[in-house]
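Colleague: Here is a sequence with its predicted model. Questions after.
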Amino acid sequence: MADEVRGLVDRCLAGDEVAMAGLVSLFRGQVYGLCYRMLGHRQDAEDMTQESFARALRSLARWDPKRDFRPWLLAIAGNRCRTLLAKRQRRLPTAGTTEALPDTRENLHDARDLAEEVKRALGALREEYRRAFELFHNQELSYAEIGEALGCPVGTVKTWVHRARRELAEHLRRRGVVEGQTSEPRRI
Amino acid sequence: MNRVEFEARLNQLLDQRLPIEHDDALRRLAEGDEELRALRDSYIVLLSETARLQLPDAPADLASRVLAQVAAGRRRSSRARLLWGAGLVAASVLVAYSWWMTGSTGKLPTVDGRVADTNSTEIPTPEGDLEPSTEMAEAGAPLEDLTRDAADRYQSLADSTSRHVSKALSAVPRFRTADSTEGVSGVPGGLISLGRSTGGSVAALFQAIPIAEPDPNG
């Protein structure tokens, strides 16, 4: 993988557009996933993914081949997303970006989809906790990579992920997802 | 092991992406404590459901969009480089030219291309003879007469302007004296110069514009 990436990067530096497209294809899922997890908005995530790749391709000469390419690329994407989030905060200083869906149900026995319940719980989390949690568990980024993307120390990322887990588990327990379970959780 | 320690163990396993279902220590503890069992089960549900969360697909034409953006950026930057380069060259030429004209000779250029000596007080005069006006040349008047005639006209107009200025100033109480000439001489130098230059300008204007002579026959 590393050799393949280095080969692609060398060709990109020589102006090979096929190699550029190859590099985009190789990492598009991870970059788009990061952007989507950070921004929580499909169109913004698409725009930032495109912007991140364009920026990375323009700055390829600055990448140190002794280091992994993925953290470098994800750091660029994280920076772009943070810039957009900061702009959003300036525009809407009090409004959150990801709104929790209203839950009108009396209890979970009416629920048809457990995944929806998890989504709801995620939507109710603090933004930082949600991003860190999703990047770790969904995108499977390392704590160091998340720290780079979110622009914060690894220790902070760990704390956010741990708190997110606890709050989510607590939410599910309160909602009766595991109520009366013995060894295996009940699926609704 | 209390709840805090139980959660610490859970997080330790999850941080290493290890399954919590198969950890013996956690299972043993959870079996003897309802609360810990519920906590463990909620973690299991959470992680299994989180893994199922769908992510929208990245746009199919992402690569082509990125390449188009990169190409547009290159065009912009090459155009900017070209403009900067042209600007730099133009500025360099200007600097070199001005250095050559002043720094190397210490002299300033004149309108007709000759170079003036900045240390000299002499004012360069254009080469060649003054051309008489077409009207006078056609009349066949000798050059000396024409020059004298122009000088007379200039003097006459300058005197006339000076008289008018003197008269106007004498109307102002501050400058009014018994003799109007004294009044003019009492006017500050700046105003006299102004009057003279105005007179000169008017004279030059009259020279440039053909003046219709009054018909002696009425």
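Modeller: Sure, I can see it. Numbering: from 1, shown residues only, chains lettered A, B, ... in the order given.

Colleague: Hmm, residue B:23 is touching residue B:12, no?
Modeller: No: contact between residue B:23 and residue B:12 fails when scored by CB atoms under 8 Å: they sit 9.6 Å apart. C-beta here means a position set from N, CA and C on the backbone, and glycine is covered the same way.

Colleague: Of the two, which one has the most company?
Modeller: Legend: neighbour count by other CB atoms under 10 Å in any protein chain shown for residue B:23 and residue B:12, higher for residue B:23 (17 against 12).

Colleague: Quick check: the closest residue to the more buried one other than its chain neighbours vs residue B:88, distance?
Modeller: With sequence-adjacent residues excluded and distances taken as CB to CB, 6 or more residues apart in numbering or on different chains, residue B:23 is closest to residue B:13, at 5.9 Å. To residue B:88, residue B:13 is 63 Å away according to CB to CB, to the nearest Å.

Colleague: out of these two, which sits in the busier spot?
Modeller: Neighbours were tallied for residue B:13 and for residue B:88 using other CB under 10 Å; the higher tally belongs to residue B:13 (18 against 10).

Colleague: So the more buried one lies in a helix, does it not?
Modeller: Yes: looking at residue B:13 with DSSP: H, G, I helix; E, B strand; the rest coil, it is inside a helix.

Colleague: mind listing the strands for chain B?
Modeller: B:107-109, B:115-117 (DSSP state E).

Colleague: packing partners for the strand or helix carrying residue A:81?
Modeller: Per DSSP states H and E: residue A:81 is located in helix A:69-91. Packing partners of helix A:69-91 (3 or more CB pairs under 8 Å, 6 or more residues apart in numbering or on different chains; DSSP states H and E): helix A:2-13, helix A:17-39, helix A:42-58, helix A:143-150.

Colleague: Serialize these to TSV and add fields for mean pLDDT and mean neighbour count.
Modeller: What follows is the helices and strands packed on helix A:69-91, written out as TSV (pLDDT from 0 to 100; neighbours: other CB atoms under 10 Å in any protein chain shown):
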stretch	mean pLDDT	mean neighbour count
helix A:2-13	89	15
helix A:17-39	93	21
helix A:42-58	94	21
helix A:143-150	93	22
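
Colleague: Residue A:90: neighbouring residues, count only.
Modeller: Neighbour number of residue A:90 under other CB under 10 Å is 8.

Colleague: got the contact list for residue B:56?
Modeller: Shown in contact with residue B:56 (CB atoms under 8 Å, 6 or more residues apart in numbering or on different chains): A:36, A:42, A:45.

Colleague: OK, contacts around residue B:78?
Modeller: Neighbours of residue B:78 in contact, by CB under 8 Å, 6+ apart: none.

Colleague: next one: phi and psi at residue A:126?
Modeller: When quoted as degrees, to the nearest 10, the phi and psi of residue A:126 stand at phi -60, psi 140.

Colleague: And the helices in chain B?
Modeller: With helices called from DSSP state H, chain B shows them at B:3-15, B:24-32, B:34-52, B:62-98, B:134-139, B:143-170, B:180-186, B:189-208.

Colleague: before we move on, the earlier item: just checking: which of the contacts of residue B:56 also lie near chain B?
Modeller: Restricting these to those near chain B by CB under 8 Å from any CB of the partner chain leaves A:36, A:42, A:45.

Colleague: From residue A:177, how far out is the residue nearest to the first one when sequence neighbours are not counted?
Modeller: Read it as residue A:36. Spatially, and ignoring its direct neighbours in sequence, residue A:36 is nearest to residue A:45 (3.9 Å; CB to CB, 6+ apart). From residue A:45 over to residue A:177 the distance is 29 Å, taken as CB to CB.

Colleague: same question, residue A:170
Modeller: Distance of residue A:170 to residue A:177, computed by CB to CB: 11 Å.

Colleague: just checking, residue B:46 touches residue A:170?
Modeller: No: contact status for residue B:46 versus residue A:170: not in contact, 9.9 Å apart, counting by CB under 8 Å.

Colleague: more crowded one of these two?
Modeller: Neighbour count, other CB under 10 Å: between residue B:46 and residue A:170, residue B:46 has more, with 29 against 14.
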